[in-house]
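# Need coordinates for the below:
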Amino acid sequence: MGAVRVYLGLAAKRRDIPDSVLTTVRASIESAFPVPAEVIRGREWHGAGVSLFGWSNEPDDSRSPGLLDGTGGRVLGVNGHLADPADAARLPDDSVGGCFSAWLARDGELSASTAINRVCPVFYAETPDLHIVGSRALLVHLAAQRSDRIEYDVAALQTMVRQGFFLSDETPYLGVSALRPSSTISIRGGARTIAERPLPEAGAAPAGARQKKAAIDELAEALLATVAPLRGLDQPVNLALTGGRDTRILASLLHAARVPFRVTTNGLDTHPDVILARRIAAALKVEHTVIAPAQTAQKDAVLVEHPLARAYETIRTCEGMTSAYESIVGYLPYSTKPTMSGQSGETLRAGSLNLLQTDLSDKALLRRITNTFCKDEKLFTAEANEHARELARPWQERADRLEALDHIYIWYKVGRWQASARAGSLRRGDPVRPFLDNRVARAALSLDQGWRLSEEVIYALILRFAPELKNVPIEGKAWRFAEGMSKRFPWSHVPPPHMPTVKTGGGWSWRTSPGEALTSVLREQVLGTLDALTPIVNPDEVRALFADPVVKKPGQAWHLYTVSTLLTGLYPGKAPEGLAEITVSRPDPGR
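Modelled structure (predicted):
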């Protein structure tokens, strides 16, 4: 299980590392580590021309491997967790199970490695005298600067305005890049090399039942290995369970692995999530707690925190690589209670971009790739649009479109968006994420994309792990592979009919219906700082976006707001104070 660990490595190109750089690094950690300064614990190792720093908010040294472990003439740091801590000796082997990046140092040598989904990131930069690698992009940048002035890569931020996260290996900080998936950056004798291992190539879809079972075996074994260490915990795992697909796999997985667990579901007793979760819990004989939403009188307005406070915390936590439109998990003191959710379950279903598609023709899939990188072209400058097209081109040129969208999901939706956004939850303690495991992702990507997209793979996993769930319906849409199945294969098991999603009548969200007052605050910031944004956006189009009393594209407004506050120096620095909450009025109070 993981927590926030921050690493920074320095390697001199010629002589020793200057003391001034070491001083800068020590002074910068409080800006780069989004936890209270008093909970940060650090270690340092210094060798010939190489230094490795590690910091954590873990309360003690009980986790293995330790923050900086010295064995066999080398020093090791692991950001994230290994499925089996004994595998530390094998690093940087990227076939090791877990969700991690690995940091190694010895006299004259420094290396850092990403796993297959790079959800524990590695960033790198260089100066005339140093190579710098680290797990926080801002820390790498500050270590590389001759002064404490931050220089932004404004051109790279076009993708933040477009999508709210990075669809590239760039960062907001000039000269700082993200290491690609399954890659190792090594510095030896002052020279840097980067070795990249390609993502697995999917095999052909299996033809018969025996072939299907064999194909799923490796994935099932990898999933079981992720939860095996949880058997010895002194308290059960808490699984957030819904009526959907991904958390159902996890419930069946914990059941098959004989890991003690309990489940919680948010919602009213009449909601499909609660109805189906209750059936799953009963079938698997586990404790189930329902957390009902607070029953309050219908309100015509809500008070929300000022956008500047929200943007400050998002930039501080996600380093300008996630939009403040997203709700980032706030800081709480570190806890060892094991929790689990279905985050990134789409990996087992060929990725969220493929799941968005109903038309799987080559033309439609190519359009999805192009729109992912190049949407809303009118809003952007010619230079920003050309930059987006350059990023899209290698993916457009791939012959296998399903594979391209599958890999875009791993490279960017998991490896960039989730990598930055999950920094919020990691501050709290030990979330268990089987779908992010290195071996699980590798085994999943080795299976035919079309077969995974049919959802037959995850259905087979559920029945393998927990046949007791055979007749429990799914919430939402029917299993894709099951459409017309009873007519084609009357002798085989047919999943029960699905339970349609019920609209809760919960009404509106202030994020998607921001109202006039919140729109005004967003507008004032963005239009008041247009000069900072003009290298990437068309000012007239930005003004048009905010022309109405209530902005019609709130997501894009928030993306612009986030980039605007980043470029005008909101963070690092003191948190804004004295900001009044904003009243967001319900757009249809009479309904």
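# residues of the longest helix along the chain that come out buried?
Across the chain, the longest stretch assigned as helix under DSSP state H is helix 209-227. Using 16 or more other Cβ atoms under 10 Å as the test for burial, helix 209-227 gives 212, 215, 216, 218, 219, 220, 222, 223, 224, 225, 226, 227. Where C-beta positions appear, they are placed from N, C-alpha and C, glycine not excepted.
# Report the separation between the nearest residue to residue 41 once chain neighbours are set aside and residue 426.
In space, and not counting its chain neighbours, residue 41 is closest to residue 56: 5.7 Å by Cβ to Cβ, 6 or more residues apart in numbering. Per Cβ to Cβ, to the nearest Å, residue 56 is found 11 Å from residue 426.
# Those two: who's more crowded?
residue 56 (25 against 22; other Cβ atoms under 10 Å).
# what's the more buried one in contact with, if anything?
Neighbour list for residue 56: 3, 4, 5, 6, 40, 41, 42, 67 [criterion: Cβ atoms under 8 Å, 6 or more residues apart in numbering].
# go on, residue 153?
170, 171, 172, 173, 174, 175, 176.
# Backbone torsions only: list them for the residue lying closest to the second one once chain neighbours are set aside.
What that stands for is residue 171. Leaving aside its sequence neighbours, residue 171 sits nearest to residue 137 (Cβ to Cβ, 6+ apart; 4.4 Å). The phi and psi values for residue 137, taken as degrees, to the nearest 10, are phi -60, psi -40.
# hang on, isn't residue 137 packed against residue 123?
Yes - with contacts counted by Cβ atoms under 8 Å, residue 137 reaches residue 123, the gap being 4.4 Å.
# what residues do the two have in common as contacts?
Common neighbours of residue 137 and residue 123 (Cβ under 8 Å, 6+ apart) are 171, 176, 178.
# Most widely separated two among the contacts of residue 153?
The largest separation in those, counting by Cβ to Cβ, is between 172 and 175 at 11.2 Å.
# Can you name the next helix or strand after the helix or strand of the chain with the lowest mean pLDDT?
Least confident element among the helices and strands of the chain, by mean pLDDT, DSSP states H and E: helix 485-488 (a mean of 55). With elements assigned by DSSP states H and E, the helix or strand that comes after helix 485-488 is helix 515-528.
# model confidence over the helix or strand following that next one, on average?
Sequence-wise, the next helix or strand downstream of helix 515-528 (DSSP H and E) is helix 530-533. Averaging pLDDT along helix 530-533 yields 97.
# Helix 530-533 - contacts with which helices or strands?
If contacts are counted by 3 or more Cβ pairs under 8 Å, 6 or more residues apart in numbering; DSSP states H and E, helix 530-533 sits against helix 539-545, helix 554-567.
# Pull out the buried positions in the longest one.
This means helix 554-567. Of all the residues in helix 554-567, those buried under the rule 16+ other Cβ under 10 Å are 554, 556-567.
# Equivalent analysis for the shortest one, please.
By 16+ other Cβ under 10 Å, the buried positions in helix 539-545 come out as 542, 545.
# which residues sit in contact with the closest residue to residue 224 other than its chain neighbours?
When the adjacent residues along the chain are set aside, residue 224 lies closest to residue 257, with 5.4 Å between them (Cβ to Cβ, 6+ apart). Residue 257 sits next to 224, 227, 228, 230, 231 when contact means Cβ under 8 Å, 6+ apart.
# Before I go, just wanted to say thanks for your time.
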